[in-house]
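>>> Turn this into a structure:
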Amino acid sequence: MELRGKRVVVTGGAGFVGSHLVARLVGDNDVSVVDDYSSGTRAWVPSEVRVQEGDLTDPETVREAITEEVDLVVHLAASKAVNTDTPRTQFTENVEMTYNILERMDAVGVDRLAYTSSSTVYGEAPRPTPETHGPLEPISPYGVSKLTDEGLISTYAHSHGIRSWVFRFANIVGPRLEGAVVPDFIDKLREDSARLYILGDGRQQKSYMHIEDCLDAMETVIGSADDPFNVYNLGTRTTTSVTQIADIVSEEMGLDPTYEYEGGRRGWSGDVPKMRLDIDKLAGLGWEPSLESDDAIRQATRELLDE
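A predicted model of the protein is given here:
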């Protein structure tokens, strides 16, 4: 599917990934956004883009957002906290949003969906983890909700003709990022430049992908993969430990703090300490990330410091 001259609805389009995606699409497409502003802001969305404020667990919000004229729905909206203290609510809301969207698309004949899933669907899997790995054993309610959404989308792809692209994200970093390790370290060091408290043992090691590479990869997959149900890992071939992130952030801020670690190998309940996705399937489409994990962290740190 070529992303030009299309009517595109982006759920969660005022958030971190969504707002960057909307800014990229708006020049060549008619883009509208649905967002409840729980983790985003209207100021991040280009002024010419229509924004509907609403809760996607409400079918009326979905009916208003998705009409028969829409060519593609990009579904990013979700409750994203991996360490949530309301797991039932998170699971219910994420699945209900996705089900509402799929039902509405089917009802009005919209037959293209892109969905942002997560590496958390794999749980603690062998590394690098390919899309064919199984069984999938998520260890957080968030991962369970994402895996359930994937199952719903697969059903509508194979039985209702909604061609779907599912992206299992690594850790995406860049401007506007909130609630993640890089902005957390920046905030902590601005408060206390001499000491940095690190959750976990610092040896947690994951793949970090810059937002611009993430968007490039999404566009490549949507433009090239044409099975009814397409699942692709999005990440880098390298990983960065939490201690390495602390080193990069400290260096970029011109600081030399003492590190103090809090916790064991797992930073919090549901955290997967080590993650690296196999991206050979993505590379098979002729695409590779421009920044590996350490460089993505450094670039994102500089961008966040400039905000």
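
>>> OK, contacts around the residue lying farthest from the centre of the chain?
In the chain, counting by C-alpha atoms, centre = their mean, residue 194 sits farthest out from the average C-alpha position, at 32.4 Å. Applying C-beta atoms under 8 Å, 6 or more residues apart in numbering, we find residue 194 in contact with 257-258. (C-beta placed from N, C-alpha, C; glycine too.)

>>> At which residues are the strands of the stretch 1-150 of the chain located?
7-11, 30-35, 50-53, 72-75, 112-118 (DSSP state E, counting those that start in this stretch).

>>> Quick one: list the elements packing against the third one.
Using 3 or more C-beta pairs under 8 Å, 6 or more residues apart in numbering; DSSP states H and E, the elements in contact with strand 50-53 are strand 30-35, helix 59-65.

>>> Would you mind listing the buried residues in it?
residue 51 (16 or more other C-beta atoms under 10 Å).

>>> chain center to that strand: distance?
21 Å (C-alpha atoms, centre = their mean, to the nearest Å).

>>> how far does the helix ranked longest in the chain sit from the chain's center?
Looking across the chain with DSSP state H, the single longest helix is helix 87-108. How far helix 87-108 lies from its chain's middle: 17 Å, per C-alpha atoms, centre = their mean.

>>> which other residues reach it?
By C-beta under 8 Å, 6+ apart, the list of residues contacting helix 87-108 from outside reads 11, 56-59, 62-63, 66-68, 70, 73, 75, 77-79, 81, 84, 110-111, 113, 115, 141-142, 144-146, 148-149, 152-153, 156, 160, 162.

>>> and what of stretch 125-132?
For stretch 125-132, the surrounding residues in contact (C-beta under 8 Å, 6+ apart) are 119, 122, 133, 137, 168, 231-233, 237, 274-281.

>>> ok, residue 145 to residue 95 distance?
Here residue 145 is placed at a distance of 6 Å from residue 95 (C-beta to C-beta, to the nearest Å).

>>> next one: residue 260
For residue 260, the distance to residue 95 equals 39 Å [C-beta to C-beta].

>>> Next: residue 233.
Residue 233 is 22 Å from residue 95, where distance means C-beta to C-beta.

>>> Those two: which is more packed in?
Taking other C-beta atoms under 10 Å, residue 233 and residue 95 do not tie; residue 233 has more neighbours (25 against 18).

>>> So what's the gap between stretch 58-69 and the chain middle?
On the basis of C-alpha atoms, centre = their mean, stretch 58-69 sits 23 Å off its chain's mean C-alpha point.

>>> mind checking which helix or strand residue 243 is in?
helix 242-252 (DSSP states H and E).

>>> circling back to that earlier point, please convert the strands of the stretch 1-150 of the chain to TSV, extending it with distance to residue 20 and mean pLDDT.
Shown next, in TSV, are the strands of the stretch 1-150 of the chain (distance: least, C-beta to C-beta, whole Å; pLDDT from 0 to 100):
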stretch	distance to residue 20	mean pLDDT
strand 7-11	11	98
strand 30-35	12	98
strand 50-53	15	97
strand 72-75	12	98
strand 112-118	12	98
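
>>> could you redo the ones you listed as JSON lines and give each row distance to residue 253?
JSON lines is the format used below for the strands of the stretch 1-150 of the chain (distance: least, C-beta to C-beta, whole Å):
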{"stretch": "strand 7-11", "distance to residue 253": "33"}
{"stretch": "strand 30-35", "distance to residue 253": "32"}
{"stretch": "strand 50-53", "distance to residue 253": "34"}
{"stretch": "strand 72-75", "distance to residue 253": "35"}
{"stretch": "strand 112-118", "distance to residue 253": "29"}
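
>>> burial count for residue 144?
22.

>>> Correct me if wrong: it contacts residue 138.
Yes - counting by C-beta atoms under 8 Å, residue 138 is a contact partner of residue 144 at 5.0 Å.

>>> related to what we said a few turns ago, filter the contacts of helix 87-108 down to the buried ones.
Among these, those classed as buried by 16+ other C-beta under 10 Å are 11, 56-57, 62, 66, 70, 73, 75, 77-79, 81, 84, 110-111, 113, 115, 141-142, 144-146, 148-149, 152-153, 156, 162.

>>> Can you give me the buried ones in the longest helix of the chain?
Within helix 87-108, the residues scored as buried using 16+ other C-beta under 10 Å are 87, 90-91, 93-105.

>>> same question, stretch 297-306
Buried residues in stretch 297-306, counting neighbours by 16+ other C-beta under 10 Å, are found at 297-301, 303-304.

>>> starting at the chain centroid, how far to it?
18 Å.

>>> Send me that stretch as PDB with only the CA atoms.
Extracted in PDB, the C-alpha atoms of stretch 297-306 (Å, rounded to 0.1, in the frame of the first residue of the first chain):
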ATOM      1  CA  ILE A 297      20.200   6.400  22.600                       C
ATOM      2  CA  ARG A 298      22.800   9.100  22.100                       C
ATOM      3  CA  GLN A 299      20.800  10.900  19.400                       C
ATOM      4  CA  ALA A 300      17.600  10.700  21.500                       C
ATOM      5  CA  THR A 301      19.500  12.100  24.500                       C
ATOM      6  CA  ARG A 302      20.700  15.100  22.600                       C
ATOM      7  CA  GLU A 303      17.200  15.700  21.200                       C
ATOM      8  CA  LEU A 304      15.500  15.500  24.600                       C
ATOM      9  CA  LEU A 305      18.100  17.800  26.100                       C
ATOM     10  CA  ASP A 306      17.300  20.400  23.400                       C
END
